[in-house]
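Participant: Give me coordinates for this.
(2 chains, ligands or ions: 4)
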Amino acid sequence: MSPEKLARMANQIATFFRAQPAEDRAALVAKHLNDFWEPRMRRQLLDLVQAGHADLDPLVVEAAGRMRAPA
Amino acid sequence: MKDFVIPWDDADKGTPAKTGAPVTLTVDGIAVTVPEGTSVMRAAAEAGIQVPKLCATDSLEAFGSCRLCVVEIEGRRGTPASCTTPVADGMVVHTQTDKVAKLRRGVMELYISDHPLDCLTCAANGDCELQDMAGMVGLRDVRYGYEGENHVFARAGGEANARYLPKDESNPYFTYDPSKCIVCSRCVRACEEVQGTFALTIEGRGFDSRVSAGMAGDDFLTSECVSCGACVQACPTATLQEKSTVELGTPDRKVVTTCAYCGVGCSFEAQLNGDRLVRMVPWKHGKANRGHSCVKGRFAYGYAEHPDRILNPMIRESIDQPWREVSWEEAVGFAAGRLRSIQETHGRQAIGGITSSRCTNEETYLVQKMIRAVFGNNNTDTCARVCHSPTGYGLKTTFGTSAGTQDFDSVEASDVVVVIGANPTDGHPVFGSRLKKRLRQGAKLIVIDPRRIDLVRTPHVEAAHHLPLRPGTNVAVLTAMAHVIVTEGLVDEEFVASRCDTEAFEDWAAFVAEERNSPEATEALTGVPAAELRAAARLYATGGNGAIYYGLGVTEHSQGSTTVMAIANLAMATGNIGRPGVGVNPLRGQNNVQGSCDMGSFPHELPGYRHVSDDAAREVFEKIWGAKIDAEPGLRIPNMLDAAVSGEFKGIYIQGEDILQSDPDTRHVAAGLAAMDCVIVHDLFLNETANYAHVFLPGSTFLEKDGTFTNAERRINRVRRVMAPKNGYADWEVTLLLANAMGADWDYTHPSEIMEEIAATTPSFAGVTYALLEEKGSVQWPCNAARPEGSPVMHAESFANGKGRFMVTEYVATEERTGPRFPLLLTTGRILSQYNVGAQTRRTANTVWHQEDVLEIHPHDAEVRGVREGDWVKIASRKGETSLRAHLTDRVAPGVVYTTFHHPDTQANVVTTDYSDWATNCPEYKVTAVQVAPSNGPTEWQRDYAEQAGRARRILPAAE
Ligand code: SF4
Ligand code: SF4
Ligand code: SF4
Ligand code: FES
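Facilitator: Numbers count the residues shown, from 1 in each chain, chains lettered A, B, ... in the order given. Ligands and ions are numbered 1, 2, ... in the order given. Prediction:
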């Protein structure tokens, strides 16, 4: 998948959870990614975060580190 | 095999059932107790006595025009009509006195003197109430002769008979023969009371009165008639008659089954001669439809016999080759070999499959089982991805389970109905009729839709409020409604306190109450006048039982899931959950969308909506399946296509779906399919996706298999085999062949065994068996030890997750924006006579109503572009362009254009984007920024596409 599209999808998720009243929004984003993203997509997201992809929402960056490690 | 006959009383009792206090009377010496308000005619029928009748039938209110049903009642003068006389306690009725017998014969004599006597060659011979009644009243002689003034003969006394009208054969499915009409007005009343279209009237008076469709000069086809068949059903004579019965003769056996088109899930009697289907007649005991139907289920079944249907398996090495017909064994072996070798080279995760929302629960269950247990991954998805996946996510988050809360009967108890992003009279016609009936009785209607759908104003129905929002602003509008409800103190505090998570409610209430969420603050964005929105919110909150029905106009947005949550919030805040007349009701597109979701088609959840990471749930299946299940979610359809383009996904089994036509961004879908090494299409026809397939496995129609469908009200209905599969195998058998060729050793011999496995593994289906379905006709899940007869209304005492959960619904504008290059917003939908990608309906006579997709555009937008009615126009987005004809109408607001996606030549999805719902990747079909310009015909893409499709569909002559 193109990095732009993957980043856009991850950012959309962060945008939803940012509005939710919760102490730990990054945990909610991480859970959503664990529950719905196939491991290859999570791996690709991690790679984007590590490469410092410019367009990622900071909440995504925080959540990515806390996702279940993709196999 | 014995025909399936449910031991229910099919007799016509003359007038509708009533509910009321018991009243006891005697009829011909037999005591009978019936509810207050029941007619004497119906009471007699309950006592086993049939009173002769012509103008009465139990699907319609009594009218009392034929006077054939007269009786004598002790202590009353005269001979009252039994159909219009209500029972009274202690009444003593005589239905067979000499006096009434004489009267009845006189009435019959008059009817028959103006009726053709061609009974033996009449299409209704043996199935005609006029015949039956003539026999029943003992008519032996017609003293008036047949020579007098009449409607029967084209010529009388050597001159043209002005009263004679020729047959109207304009409707493709039924004929109207005025010479046989007895003017009982059952058809007119059926069109009004049952269908709600008001297409028919009785013109003229007395002997001159005739049934007439539409206005003067109209025939059935040009009138407003929507060909639902209700009038044909109601007609006691051959006046309104199915053409198929005219052609094939009256049927001699019947099998009850379920319509395979939309999510209403109407029950039908398939009426046959041997294995020849004569007609489909709506079944009066069907709990979804209560004896009604629409043109698709009633008439559009001819695709099963269409010459385009492919009956032999075919394979080819690559998609530039023509197809080669082969044996089932060879086709399945070829497919299995390719899938396995892909896995060897590219890994276990490199293949997957798509289950069909058109197939049965049993078939869907098997496909996902094959993917999880035989392919060894969770790359299973279903076309619900592209329609109702946000319903799953949104309702599960708020209510704890992903299903509509009511049955369709519930609408009869609604006082305020909100319809959001749905067009029931076209998309879910039988529900649309039931809704209109309730609205005519006085319930109020609120429509939230960019387009002025028919319901906004239709005969005897007018919406109290229509909020014509800009596409893409659903969340802002619904949150503004919540703002009004919270800030004006209209919250049902008691419900919220006892049934919902109150902390989440407080957070939500504080959020919606913010000034920026008020109708006034969002008006500029949504285009909805604030005062109108306020009035609508007040009406929903305070008007009595409030029910919300919604469709794809809610889900197919980048905020689809958020919108579903916003709907759930409104229902909880106003206490409109947990009893008849209220609730949140997704109107499902295809017949088995609910079922395919229930059966574990989604890549992240096993049957019964249990996440694949749930160890206990996996263990249940691993034990029965004897295979390990991956604990990680698999790829969703759009993800599969993305992975295919990047070379990580190589093989796919697609049962009964046409993703190339139905999914957004056609070029991207085509690129994904073209990048795969093994595309297996299992379908009735060489659909558009099959242009990219290597293996084609012929499918079977719903008439050719046993199984169950689950409709939008969670109702599990039986599908019964009416004839042998023309392709040799039911679809579940084809999946079984493929799975076994890949090393499984499944030995199911009947779908009922698959249902046993579903019940054994899935708590909400624990009590479902074919035996129970035979007994009850249908059940609504959850059906288990706690609710052995199923559940018409959900969340009655508590929510599935304990407490209902309010969710904050922040509006986020879609990234698909209009601008100078693409100033208009395109939104899509469907129409009555066609169904989805049209693979079935385009292969029936339904095409007379809709030969092509057209673009609806506001006259103002058309004028500034120099577009006139019927012109070819090019519609272009950032993704692509296509051409179609324009239709100028103010149903769409300026700035908005609308089309359907039923025809592959148009390929409306060439222009739709790959933006999708944030939670589920459900594509954003409903909002695309476009430009429209005059053009002189199909675009280059359309011509290339047609050429490619033609080449891809070549079939080599079979080698002998
Ligand atoms: S087919 Fe339906 S819509 Fe048409 S006239 Fe008959 S009842 Fe009315
Ligand atoms: S067309 Fe049939 S139902 Fe209608 S008035 Fe004539 S006989 Fe009655
Ligand atoms: S309303 Fe839907 S289920 Fe009923 S007959 Fe029409 S298409 Fe079939
Ligand atoms: S059946 Fe009662 S008046 Fe016609």
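Participant: where along chain A do the helices fall?
Facilitator: A:3-18, A:25-36, A:39-50, A:58-64 (DSSP state H).
Participant: now for these, which one comes closest to B:P698?
Facilitator: Checking the helices of chain A against B:P698 by CB to CB gives helix A:39-50 as the closest, at 33.6 Å. (Each C-beta comes from the backbone N, C-alpha and C, glycine too.)
Participant: could you list every residue that touches B:Q948?
Facilitator: By CB atoms under 8 Å, 6 or more residues apart in numbering or on different chains, B:Q948 lies in contact with B:N691.
Participant: related to what we said a few turns ago, tabulate the helices of chain A in a markdown table, adding columns for distance to ligand 1.
Facilitator: Below are the helices of chain A laid out as a markdown table (distance: least, CB to the nearest ligand atom, whole Å):
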| stretch | distance to ligand 1 |
| --- | --- |
| helix A:3-18 | 44 |
| helix A:25-36 | 44 |
| helix A:39-50 | 49 |
| helix A:58-64 | 53 |
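Participant: For the host helix or strand of B:W941, buried residues please.
Facilitator: For B:W941, the element it lies in under DSSP states H and E is helix B:940-952. Across helix B:940-952, burial judged by 16 or more other CB atoms under 10 Å in any protein chain shown covers B:941-942, B:945, B:949, B:952.
Participant: now swap in stretch B:53-73 and tell me
Facilitator: Quick answer for stretch B:53-73 (16+ other CB under 10 Å): B:53-60, B:62-63, B:65-73.
Participant: Could I get the average pLDDT for that stretch?
Facilitator: Stretch B:53-73 comes out with an average pLDDT of 94.
Participant: residue at max distance from the center of chain A?
Facilitator: Most distant from the centre of chain A: A:P21, at 18.6 Å, with distances by CA atoms, centre = their mean.
Participant: so A:R18 sits right up against A:L59, yeah?
Facilitator: Yes: when contacts are counted by CB atoms under 8 Å, A:R18 is listed as touching A:L59 (6.0 Å).
Participant: low-scoring stretches of chain A, by residue?
Facilitator: Within chain A, the set of residues satisfying pLDDT under 70 comprises A:71.
Participant: Where does it get nearest to ligand 2, which residue?
Facilitator: A:F36 (54.8 Å; CB to the nearest ligand atom).
Participant: Tell me who's in contact with that residue.
Facilitator: B:604, B:633, B:636, B:919-920.
Participant: Flag every residue of the stretch 201-350 of chain B that's near chain A.
Facilitator: Selection of the stretch 201-350 of chain B residues close to chain A by CB under 8 Å from any CB of the partner chain yields B:Q349.
Participant: Would you map the strands across the stretch 201-350 of chain B?
Facilitator: B:210-213, B:240-242, B:253-258, B:267-273, B:276-282, B:314-315, B:324-325 (DSSP state E, counting those that start in this stretch).
Participant: okay, those strands, which one's buried deepest?
Facilitator: strand B:240-242 (a mean of 24; mean count of other CB atoms under 10 Å in any protein chain shown).
Participant: Now do B:V367 against B:V246, distance only.
Facilitator: B:V367 sits 41 Å away from B:V246, going by CB to CB, to the nearest Å.
Participant: ok, back up a step: same list, the strands of the stretch 201-350 of chain B, but as CSV with distance to B:N691 and mean pLDDT please.
Facilitator: Putting the strands of the stretch 201-350 of chain B into CSV (distance: least, CB to CB, whole Å; pLDDT from 0 to 100) gives the following:
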stretch, distance to B:N691, mean pLDDT
strand B:210-213, 42, 89
strand B:240-242, 36, 94
strand B:253-258, 31, 92
strand B:267-273, 33, 92
strand B:276-282, 31, 92
strand B:314-315, 13, 95
strand B:324-325, 16, 93
